[in-house]
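Asker: sharing a model that was predicted from the sequence below.
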Amino acid sequence: MSGNVHEYNDYLRKLGNRVDYVFRQQTGDTNRHLFDDFDGTRDEINRVRAGDHGIHLVPAAKASSVNNIVVKDLGTNKATGDQMESVDWAKTANEARSRGDNDVTNRIRAFTNSFYHAAGPGSASARQHLQVFRSYKYMEDRAKKCGRRT
């Protein structure tokens with residue numbers, strides 16, 4: 001799977017679907033903790049990936065036309081000890097709107113379109129991160145749908 005984000009995303013979706021299927025087949029709460037562990041691991045991997053991606057996203061966002069970027073603290077990377085952060089787009093937009101900036105959504109959209117979808121190797125890497133984030137979001141949504149998460 002190395003180097004092929006599409007195979008990795010397919011793997012994530014199949015893994016999530018399999019876990020959901022097994023969860024629906026169980027009776028009682030005897031093995032519930034196993035599913036909680038799976039969900040926690042998925043969430044932790046997603047958090048660390050966001051932190052890894054934030055190294056590139058935060059400076060690019062701060063250099064963009066979007067003013068007063070709000071940075072979200074993602075904690076410490078347990079493997080490296082480095083502090084992780086990402087952009088909190090919702091807070092950035094809400095704070096801008098509260099100051100009367102009604103065009104902030106358009107500027108955020110223009111930045112993210114350029115950052116994730118422009119031609120070139122930098123955007124290709126960012127786009128792969130975005131696709132994996134979407135796969136993890138899909139897995140989380142499926143877990144909520146089958147009643148495993150609330």
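Answerer: Alright, I've got the coordinates. Numbers count the residues shown, from 1 in each chain.
Asker: near Gly54, how many other residues are there?
Answerer: The number of residues packed near Gly54 is 21, by other CB atoms under 10 Å. Backbone N, C-alpha and C define where each C-beta goes, glycine included.
Asker: that one against Gln83, yeah?
Answerer: No. Using CB atoms under 8 Å, Gly54 is not in contact with Gln83; the gap is 9.8 Å.
Asker: and the helices in this structure, which stretches?
Answerer: 5-25, 32-62, 89-98, 104-117, 121-145 (DSSP state H).
Asker: which pLDDT value goes with Leu74?
Answerer: Note for Leu74: predicted pLDDT of 95.
Asker: surely it is in contact with His53?
Answerer: No. Assessed by CB under 8 Å, Leu74 is found out of contact with His53, at 10.0 Å.
Asker: overlap of the contact sets of the two?
Answerer: Ser86 (CB atoms under 8 Å, 6 or more residues apart in numbering).
Asker: higher neighbour count, those two?
Answerer: Legend: neighbour count by other CB under 10 Å for Leu74 and His53, higher for His53 (20 against 17).
Asker: show the pLDDT at His6.
Answerer: His6 is given a pLDDT of 61.
Asker: now do Arg109
Answerer: 95.
Asker: distance check, it against Asp73.
Answerer: Separation of Arg109 from Asp73 (CB to CB, to the nearest Å): 25 Å.
Asker: nice, that's everything, thank you.
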